[in-house]
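**Student:** Turn this into a structure:
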Amino acid sequence: PLGPIRLRIGLHTGDTQLRDDNNYVGTTISRAGRLRDVAHGGQILLSCPTSDIVADELPEGTWLIDRGLHQLRDLPRPERVSQLCH
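**Tutor:** You can find the predicted model right below:
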């Protein structure tokens, strides 16, 4: 049997553009991908704008941990990253 699948998830909030019926493009999509790239298996990482939006709306038994500043690939300045835990 296979073991558990440990996904890496990056979440960022911002504007996007619809490229075609099934694909979005833009810096928001790229930033979410960069966050995913720095995550470990099983981690859900959020950008600062996203964590600011959800911080007061988290369901019981979930919380955010500040993971500090991370220099994400191809971005001009470090991004404050939070981890969603449960």
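**Student:** Who are the contact partners of the closest residue in space to S51 that isn't next to it in sequence?
**Tutor:** In space, and not counting its chain neighbours, S51 is closest to S82: 4.0 Å by Cβ to Cβ, 6 or more residues apart in numbering. Every residue, glycine included, has its C-beta placed from N, CA and C. S82 makes contact with L45, L46, C48, S51, L64, I65, D66, R67 under the criterion Cβ atoms under 8 Å, 6 or more residues apart in numbering.
**Student:** name the element S82 belongs to?
**Tutor:** In this structure, S82 sits in strand 79-85 according to DSSP states H and E.
**Student:** which stretches of the protein form helices?
**Tutor:** 27-38, 48-54 (DSSP state H).
**Student:** Same list, those, but as JSON lines with mean neighbour count, mean pLDDT and distance to G10 please.
**Tutor:** Shown next, in JSON lines, are those (neighbours: other Cβ atoms under 10 Å; pLDDT from 0 to 100; distance: least, Cβ to Cβ, whole Å):
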{"stretch": "helix 27-38", "mean neighbour count": "18", "mean pLDDT": "94", "distance to G10": "3"}
{"stretch": "helix 48-54", "mean neighbour count": "16", "mean pLDDT": "97", "distance to G10": "9"}
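**Student:** want to throw these into a markdown table with distance to L7?
**Tutor:** Compiled in a markdown table, the helices of the chain are given as follows (distance: least, Cβ to Cβ, whole Å):
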| stretch | distance to L7 |
| --- | --- |
| helix 27-38 | 9 |
| helix 48-54 | 17 |
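**Student:** If you tally nearby residues, what's the number for the residue lying closest to C85 once chain neighbours are set aside?
**Tutor:** Closest residue in space to C85, ignoring its immediate chain neighbours: W63 at 5.4 Å, by Cβ to Cβ, 6+ apart. Residues contacting W63 under the criterion other Cβ atoms under 10 Å number 12.
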